[in-house]
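J.: Structure, please.
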Amino acid sequence: MEDIAQAAPGIAMLAAFACVAGGIATIRRGDRRKGVLMLVMAVVLVGNVLIWTI
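T.: Predicted coordinates for the structure are as follows:
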């Protein structure tokens with residue numbers, strides 16, 4: 001179980017980068033609301049990683 005706990009922040013950061021890329025791409029395609037929600041989700045993921053590491 002300890003290995004999963006050590007990998008979780010890294011996986012969450014990869015997901016945050018993917019959400020930023022997907023959010024920007026979605027905004028460019030014209031669906032602004034979904035794109036902004038993906039960017040907000042990325043900020044929440046980064047915030048969670050900051051909480052986990054402190």
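J.: is it true that residue 20 touches residue 43?
T.: No. Because the distance of 9.1 Å does not satisfy Cβ atoms under 8 Å, residue 20 is recorded as not touching residue 43. Using the backbone N, CA and C atoms, a C-beta is placed for each residue, glycine as well.
J.: the more surrounded of the two?
T.: residue 20 (17 against 12; other Cβ atoms under 10 Å).
J.: Distance of the more buried one relative to residue 45?
T.: When Cβ to Cβ, to the nearest Å is applied, the distance between residue 20 and residue 45 equals 10 Å.
J.: Look at the spatially most central residue of the chain and report its pLDDT.
T.: Nearest to the centroid of the C-alpha atoms of the chain, with distances taken as Cα atoms, centre = their mean, sits residue 16, at 2.1 Å. We have a pLDDT of 97 for residue 16.
J.: One more: residue 39?
T.: According to the prediction, residue 39 has pLDDT 98.
J.: show me the contacts for the residue lying closest to it once chain neighbours are set aside.
T.: Closest residue to residue 39 apart from its sequence neighbours, by Cβ to Cβ, 6 or more residues apart in numbering: residue 23 at 4.2 Å. Shown here is residue 23, whose contacts under the criterion Cβ atoms under 8 Å, 6 or more residues apart in numbering are 34, 35, 36, 37, 38, 39, 41, 42.
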